[in-house]
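Novice: A structural model of the following input is requested.
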Amino acid sequence: KTWQGGSGYARKIVFRGIRMSNVSNPIIIDQYYCDSSRQCQNQTSAVKVHQISFIEIKGTSTTKDAIKFSCSDSSPCEKIYLQDINMSLESGGNASAYCWKASGFSSGLVNPPSCLTRAVVGLINQNVGSSKKVDVA
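Specialist: Model (predicted):
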């Protein structure tokens, strides 16, 4: 989660081998975060979020959107990588994924199916381990 109007960046972060049970918002990037009791003013600047990997994440979600990438119009999330994700609803049934201004790539089983858009230009060159690289055009 990042504050609206923030600056700087969050990059080259890997979440790997996580098991979750009965979790709200298990996989989330939220650039519109607001923890105030009053509605926060919508701001256009945001912390730049890119090269974030979610690998081997399994479990159950209490929220319909088990994957939620809510990114800024002016500073979209880029180079997001999903691999071997298996999230279902705690109450039974299928979880879903929600993406706003988020691009990247997925491989292996990704459940719920990825909603990421593929980047039109540039490469995803995300170092996801000491000996493994993922390169995608």
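Novice: Count the neighbours of G59 for me.
Specialist: Neighbour count for G59, taken as other C-beta atoms under 10 Å: 18. Glycine gets a C-beta too; all of them are placed from N, C-alpha and C.
Novice: how about the strands in this protein?
Specialist: For the chain, applying DSSP state E gives strands covering 9-23, 27-30, 48-61, 65-70, 77-89, 96-100, 102-111, 124-127, 133-136.
Novice: So which of these is the most surrounded?
Specialist: Each of the strands of the chain was scored by mean neighbour count; the highest is strand 65-70, a mean of 24, by mean count of other C-beta atoms under 10 Å.
Novice: got the angle between that strand and strand 48-61?
Specialist: Comparing the axes of strand 65-70 and strand 48-61 via axes from the mean of the first three to the mean of the last three C-alpha atoms, to 10 degrees yields an angle of 170 degrees.
Novice: Let me see the mean pLDDT of strand 65-70.
Specialist: This predicted structure assigns strand 65-70 an average pLDDT of 95.
Novice: Tabulate the strands of the chain in a markdown table, adding columns for distance to R38.
Specialist: Output for these, formatted as a markdown table (distance: least, C-beta to C-beta, whole Å):
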| stretch | distance to R38 |
| --- | --- |
| strand 9-23 | 26 |
| strand 27-30 | 18 |
| strand 48-61 | 25 |
| strand 65-70 | 19 |
| strand 77-89 | 26 |
| strand 96-100 | 23 |
| strand 102-111 | 27 |
| strand 124-127 | 38 |
| strand 133-136 | 42 |
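Novice: closest to S37 out of these?
Specialist: strand 27-30 (17.6 Å; C-beta to C-beta).
Novice: Return the member of the strands of the chain having the minimum mean pLDDT.
Specialist: Note on the strands of the chain: lowest mean pLDDT is at strand 133-136, with a mean of 43.
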